[in-house]
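Engineer: Sequence first, then the predicted structure:
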Amino acid sequence: MLHWPSLTLPELFDLSLILRRGECALEWDRTYTFGEIDARASQMANALYARGIAAGDRLCVYLSNSIAYIDLFLAATRLGVIFVPVNILYRDREIRHILEDADPAAVISDEANAPHIPDGAPLWRMEDLLREAAEQPATRRISVTDGDAPAALVYTSGTTGVSKGAIITHNAFAVNALNIISCWQIQSTDRLLLTLPLFHVHGLGNGLHCWLISGCRMRLTERFDHARAAEWMLDFEPTLFFGVPTMYVRLLDVEEDAARRIGERMRLFVSGSAPLPSQVLEAFRNRYGHTILERYGMSETLMNISNPYVGERRPGSIGLPLPGVSVRNLDPDGNPVNDGETGELYVRGSNVFSGYWRRPEASAAAFRDGWFRTGDLAVRSADGYYTLQGRAGDLILSGGFNIYPREIEEFLTEQPGVAEAAVAGVSDPLRGEVPVAWVVARVGTVGEIDCDALETACRSHLASFKIPRAFIVVDKLPRTALGKIQKHLLPPWKRES
């Protein structure tokens with residue numbers, strides 16, 4: 001069977017790297033043109049090739065955001081190498097699992113982070129690679145020609161089991177980027193402030209790819225710093241910002257006049273990677289003059305659903321399926337649920353991953369009749385908007401009733417003094433499970449949350465079986481690097497005797 005070459009990520013990136021090579025592309029330690037980014041990528045590809053890296057090899061990268069990170073990613077896409085980003089917050093046990101699973105030709109880190117790499121790993125220092133790349137010619141070396149070829153292994157957070165490597169192809173990344181560039185109207189005139197980590201698909205597949213394909217100007221920071229965020233925005237004057245809910249909560253602390261001036265320059269704020277509380281969306285709109293566009297994606301599928309750029313951005317809702325993405329809402333038996341009823345989201349499309357690395361059984365279990373099982377519970381409105389209800393594994397079964405934590409969490413964050421809330425099921429000898437709430441106080445109200453008042457409010461507005469058995473005040477909620485609450489790490493509830 002003949003297989004014809006297809007456009008892959010390098011060709012799409014060339015829309016900027018070649019056609020806009022003289023234009024300003026990136027602000028890092030200085031400003032770089034697209035032509036300079038292209039030359040650096042070529043030199044890095046030649047340096048990796050000289051070390052014996054070839055198409056199909058896995059390359060683990062354990063680095064913070066930097067221009068060197070971009071060099072490595074672009075070089076990998078050109079060589080047909082499978083890029084394996086590793087969460088910079090991971091330590092020995094987590095890193096060791098990924099290295100054993102991905103079996104990389106090398107793991108690349110720098111002087112600051114290399115001590116965390118387990119002994120015996122094929123460690124390459126970033127500092128050495130940069131010196132070698134500087135001595136290489138900037139001649140182009142493009143090896144990948146198949147859009148179905150893996151571009152990256154993105155490891156899941158592993159909160160419900162061992163972390164698995166989702167195989168993301170060139171086609172999946174390309175479709176994802178082209179979709180959101182079109183739907184969110186990203187253009188070369190935009191200015192993107194990217195503070196998200198590049199080890200996650202939110203920063204890599206949305207931020208980096210949209211920048212490279214659209215040809216907009218990007219300022220990259222090593223991480224999000226809430227103390228400097230307003231300063232960055234006032235100085236760079238971005239028109240585009242991708243964030244997670246915890247970032248937007250922090251941005252509510254920005255002084256009103258500064259928030260207004262930031263909002264005057266901004267075109268679009270986007271939120272994802274975790275549910276955005278409705279009260280945060282409303283408070284942000286009042287402060288910045290913008291309605292945050294909430295969307296929904298996963299490591300395995302990239303972007304699935306989004307509120308519209310033009311049209312209603314509905315508070316609490318993740319919006320409508322993106323073009324080319326099919327969505328079903330099914331009950332446990334695989335039957336469609338009615339609008340207004342809770343079901344599990346299934347998705348299908350070119351954005352969906354091609355399976356888990358070297359895990360055929362897990363890959364087969366992740367799909368049902370060709371549809372990917374997201375594990376997320378949702379309700380669809382009569383006009384097609386989806387609203388998440390939480391993870392299927394978070395569903396609380398209490399005395400024969402189904403309790404969806406998201407409903408209680410949204411209500412609690414509307415109460416005085418509460419900044420964040422997490423609700424989880426705790427084993428109960430009578431009811432099977434009962435809900436318990438963990439709450440974080442708003443800035444300036446630490447220790448002043450009135451748990452009795454919270455219980456009274458719940459009794460007035462929620463069914464009796466939904467009322468949390470206890471309210472636990474904590475300094476912060478355990479989260480992943482992208483802001484998802486890790487409920488299995490919440491402090492245990494000590495039941496009163």
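Structural biologist: Yep, that arrived.
Engineer: Endpoints of stretch 425-438, how far apart?
Structural biologist: Using CA to CA, to the nearest Å, one end of stretch 425-438 lies 11 Å from the other.
Engineer: Just list the residues touching N402, thanks.
Structural biologist: T342, L395, I396 (CB atoms under 8 Å, 6 or more residues apart in numbering). Yep, even glycine has a C-beta here, placed from its N, CA and C like the rest.
Engineer: so which of those residues comes closest to V244?
Structural biologist: L395 (23.4 Å; CB to CB).
Engineer: picking that back up, may I ask which of the contacts of N402 has the most neighbours?
Structural biologist: When neighbours are counted by other CB atoms under 10 Å, I396 leads these with 23 neighbours.
Engineer: can you list the weak-confidence ranges in the chain?
Structural biologist: Applying pLDDT under 70 to the chain flags residues 1-5, 157-161, 444-447, 496-497.
Engineer: of all the contacts of N402, which comes closest to Q136?
Structural biologist: Q136 lies nearest to L395 out of those, by CB to CB, at 53.9 Å.
Engineer: Identify the residues contacting the most centrally placed residue in the chain.
Structural biologist: For the chain, the residue sitting closest to the mean C-alpha position, by CA atoms, centre = their mean, is H202 at 3.7 Å. Going by CB under 8 Å, 6+ apart, H202 touches L196, F242, V244, G272, S273, G297, L482.
Engineer: cool, F465 as well?
Structural biologist: Residues near F465 by CB under 8 Å, 6+ apart: S398, G399, F401, I403, R431.
Engineer: which of those residues tops the neighbour count?
Structural biologist: Busiest of those [other CB under 10 Å] is I403, holding 24 neighbours.
Engineer: and the nearest residue to it once chain neighbours are set aside, how far is that from E420?
Structural biologist: Using CB to CB, 6 or more residues apart in numbering and skipping residues adjacent in sequence, the residue nearest I403 is I396, 3.9 Å away. Separation of I396 from E420 (CB to CB, to the nearest Å) stands at 19 Å.
Engineer: does L204 count as helix, strand or coil?
Structural biologist: helix (DSSP: H, G, I helix; E, B strand; the rest coil).
Engineer: doesn't C210 make contact with it?
Structural biologist: No. Judged on CB atoms under 8 Å, L204 makes no contact with C210 at a distance of 10.5 Å.
Engineer: Stretch 330-349: end-to-end distance?
Structural biologist: With CA to CA, one end of stretch 330-349 sits 17 Å from the other.
Engineer: Can you tell me what sits against that stretch?
Structural biologist: The contact list for stretch 330-349, computed with CB under 8 Å, 6+ apart, reads 175, 301, 304, 324-329, 368-382, 386, 389, 392, 402, 404.
Engineer: go again using 6 Å as the cut-off
Structural biologist: Stretch 330-349 has contacts (CB atoms under 6 Å, 6 or more residues apart in numbering) with 301, 304, 324-329, 371-374, 376-380, 382, 389, 392.
Engineer: Likewise for stretch 94-106?
Structural biologist: By CB under 6 Å, 6+ apart, the residues outside stretch 94-106 that reach it are 53, 57-60, 84, 86, 118, 121-122, 124, 153, 155.
Engineer: could you pull out the strands for the stretch 51-200 of the chain?
Structural biologist: Taking DSSP state E, counting those that start in this stretch as the test, the strands found in the stretch 51-200 of the chain are 58-61, 82-85, 106-109, 123-125, 150-155, 165-169, 191-194.
Engineer: no wait, the stretch 301-450 of the chain
Structural biologist: 302-306, 320-321, 326-330, 342-348, 367-368, 371-380, 386-391, 396-398, 401-403, 418-428, 432-441.
Engineer: Next, format the ones you listed as CSV and append distance to I167.
Structural biologist: Converted to CSV, the strands of the stretch 301-450 of the chain look like this (distance: least, CB to CB, whole Å):
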stretch, distance to I167
strand 302-306, 12
strand 320-321, 23
strand 326-330, 20
strand 342-348, 16
strand 367-368, 13
strand 371-380, 13
strand 386-391, 22
strand 396-398, 33
strand 401-403, 34
strand 418-428, 31
strand 432-441, 35
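Engineer: winner for burial among those strands?
Structural biologist: Of the strands of the stretch 301-450 of the chain, the one with the most neighbours on average (mean count of other CB atoms under 10 Å) is strand 302-306, at a mean of 26.
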